[in-house]
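> Turn this into a structure:
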Amino acid sequence: MAEVLEATQYLTFKLDEEVFALDVAKVREILEESSITKVPQTPDFMRGVINLRGSVVPVIDMRRAF
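Okay, the predicted model is just below:
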C-alpha cells in the first residue's frame, strides 16, 4: 500500500532582510493597500484602520510590530 504525503504550502514575505512564512491555510486574503484612516493614541505599529466591505479592520505595520 502506498504512503500518502500531504504537502503544506506557505506564504512567504520579507521584512527588511528577514524572510517570514505563514501556513497558507491560515491566510484569509491579501489586499491591495487602500486609504488608511489614522487613529489617535494607538501604538506606533498600528497604522490605522480601513473599511473592508463595511467592517472596520485594523492595519498593522509588521515591520514595527516585530
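
> and the helix or strand of the chain with the lowest mean pLDDT, what does it pack onto?
Among the helices and strands of the chain, helix 62-65 carries the lowest confidence by mean pLDDT, DSSP states H and E, at a mean of 80. Taking 3 or more C-beta pairs under 8 Å, 6 or more residues apart in numbering; DSSP states H and E as contact, there are no helices or strands that helix 62-65 lies on. Quick note: C-beta positions are derived from backbone N, CA and C, even for glycine.

> Off-centre distance for it?
On the basis of C-alpha atoms, centre = their mean, to the nearest Å, helix 62-65 is displaced by 11 Å from the centre of the chain it belongs to.

> can you start the count at 18 instead of 1 from here on
With the count now opening at 18, the last piece we talked about shows up as helix 79-82.

> Now tell me what touches it from outside.
Residues from elsewhere that reach helix 79-82 (C-beta atoms under 8 Å, 6 or more residues apart in numbering): 32-33, 61-62.

> Please name the residues that touch Phe83.
Applying C-beta under 8 Å, 6+ apart to Phe83 gives the contacts Leu32.

> Quickly note the distance from it to Leu32.
The gap separating Phe83 from Leu32 is 6 Å, by C-beta to C-beta, to the nearest Å.

> Just give the number of residues close to the nearest residue to Phe30 once chain neighbours are set aside.
In space, and not counting its chain neighbours, Phe30 is closest to Phe37: 5.7 Å by C-beta to C-beta, 6 or more residues apart in numbering. By the criterion of other C-beta atoms under 10 Å, Phe37 has 12 neighbours.

> can you tell me which helix or strand Phe37 belongs to?
Phe37 is part of strand 35-40, with elements assigned from DSSP states H and E.

> who does that strand touch, helix- and strand-wise?
Identification of packing neighbours for strand 35-40 by 3+ C-beta pairs under 8 Å, 6+ apart yields strand 27-32.
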